[in-house]
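Asks: sequence? don't have it. structure:
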């Protein structure tokens, strides 16, 4: 009966692939608790390099990059990831209630419900951005700075640090690997990128200027649609009158183009 396969043989291969081939023989040997020569033998016999090339590529940012760690907003309207707010998706609940009622009352005539809804959405966004601009240009905002981004860099812990934690039973801090690996990481550097109230106000104002153009274009489209509707209605009336004149249902004065007798009214 053959000797039972050492489970660390497969575990070492898994660690090697998860590290993208970056773990050294020494690191793998320490993690598996076997001599370096044993790792070298496994690596050669099991063709680790071939399996590394066949392994699926992982999605996401570079190893150690924590730009979005713990800051993913929920889909139910959470605005944790919003910075200056110029590009945030605003709803009717995000603006002043009185302004919201005014926008809801915007209902142009005609069968243009979709165009009306689009105009209302643009007006909601305009009111939301105007509120942000007022916030960033208020006297109390002068000299204020806002955190736009947190860049969190992490590096693998050394073997000495890992061993020291195991001996002392105290974890000095571990950062979760965003790629799902089992390697222990530690924070190397945190960088907070900030912007002033003036910077944010400029971004919001630029977005407002673009939005004004879209609102004007939408209003023009609604007016053009209504004018076309009236033109078609008039053409339809002219057609019906011409048809009734030809069939003798009505008599029209050729000079004044007024109806002088409507035979449909009775005998």
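Replies: Happy to help now that I have it. This one's a predicted model, so the numbers in the text were calculated from it and none came from an experiment.

Asks: gap between the closest residue to residue 32 other than its chain neighbours and residue 158?
Replies: Among residues not flanking residue 32 along the chain, residue 8 sits closest, at 4.0 Å (C-beta to C-beta, 6 or more residues apart in numbering). (Glycine included, C-beta is placed from N, CA and C.) Distance, residue 8 to residue 158, by C-beta to C-beta, to the nearest Å: 21 Å.

Asks: Outline the domain layout of the chain.
Replies: 7-54, 92-145+197-225, 236-265 (automatic domain parsing).

Asks: pLDDT of the last one, averaged?
Replies: In other words, domain 236-265. Domain 236-265 shows a mean pLDDT of 67 in the predicted model.

Asks: for the first one, same thing?
Replies: For domain 7-54, mean pLDDT rounds to 90.

Asks: Put together a markdown table for the domains of the chain, with mean neighbour count on each row.
Replies: What follows is the domains of the chain, written out as a markdown table (neighbours: other C-beta atoms under 10 Å):
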| stretch | mean neighbour count |
| --- | --- |
| domain 7-54 | 15 |
| domain 92-145+197-225 | 15 |
| domain 236-265 | 11 |
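
Asks: want to throw those into JSON lines with distance to residue 191?
Replies: Output for those, formatted as JSON lines (distance: least, C-beta to C-beta, whole Å):
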{"stretch": "domain 7-54", "distance to residue 191": "24"}
{"stretch": "domain 92-145+197-225", "distance to residue 191": "14"}
{"stretch": "domain 236-265", "distance to residue 191": "68"}
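
Asks: of these, which approaches residue 186 most closely?
Replies: Residue 186 sits nearest to domain 7-54 of all the domains of the chain, at 15.3 Å, using C-beta to C-beta.

Asks: on contacts alone, who are the packing partners of the helix or strand harbouring residue 41?
Replies: Assigned by DSSP states H and E, residue 41 belongs to helix 36-45. Helix 36-45 sits against helix 7-18, helix 25-32, with contacts defined as 3 or more C-beta pairs under 8 Å, 6 or more residues apart in numbering; DSSP states H and E.

Asks: Quick one: closest of these to residue 142.
Replies: Comparing those by C-beta to C-beta, helix 7-18 comes nearest, at 50.0 Å.

Asks: Next, the angle from the closest one to helix 25-32.
Replies: 130 degrees (axes from the mean of the first three to the mean of the last three C-alpha atoms, to 10 degrees).

Asks: Can you show me the strands along the stretch 151-267 of the chain?
Replies: 185-196, 250-252, 259-262 (DSSP state E, counting those that start in this stretch).

Asks: what's the spacing between the residue nearest to residue 32 and residue 29?
Replies: Counting by C-beta to C-beta, the gap from residue 8 to residue 29 is 10 Å.

Asks: ditto for residue 232
Replies: To residue 29, residue 232 is 84 Å away according to C-beta to C-beta.

Asks: bridging residues for residue 194?
Replies: residue 147 (DSSP bridges).

Asks: Please report how far it lies from residue 135.
Replies: Distance from residue 194 to residue 135, by C-beta to C-beta: 16 Å.

Asks: With residue 121 instead?
Replies: Separation of residue 121 from residue 135 (C-beta to C-beta): 22 Å.

Asks: Can you name every helix or strand that the lengthiest helix in the chain contacts?
Replies: Secondary structure of the chain per DSSP state H: the longest helix is helix 197-247. Applying 3+ C-beta pairs under 8 Å, 6+ apart, one finds that helix 197-247 contacts helix 113-137, strand 145-156, strand 250-252.
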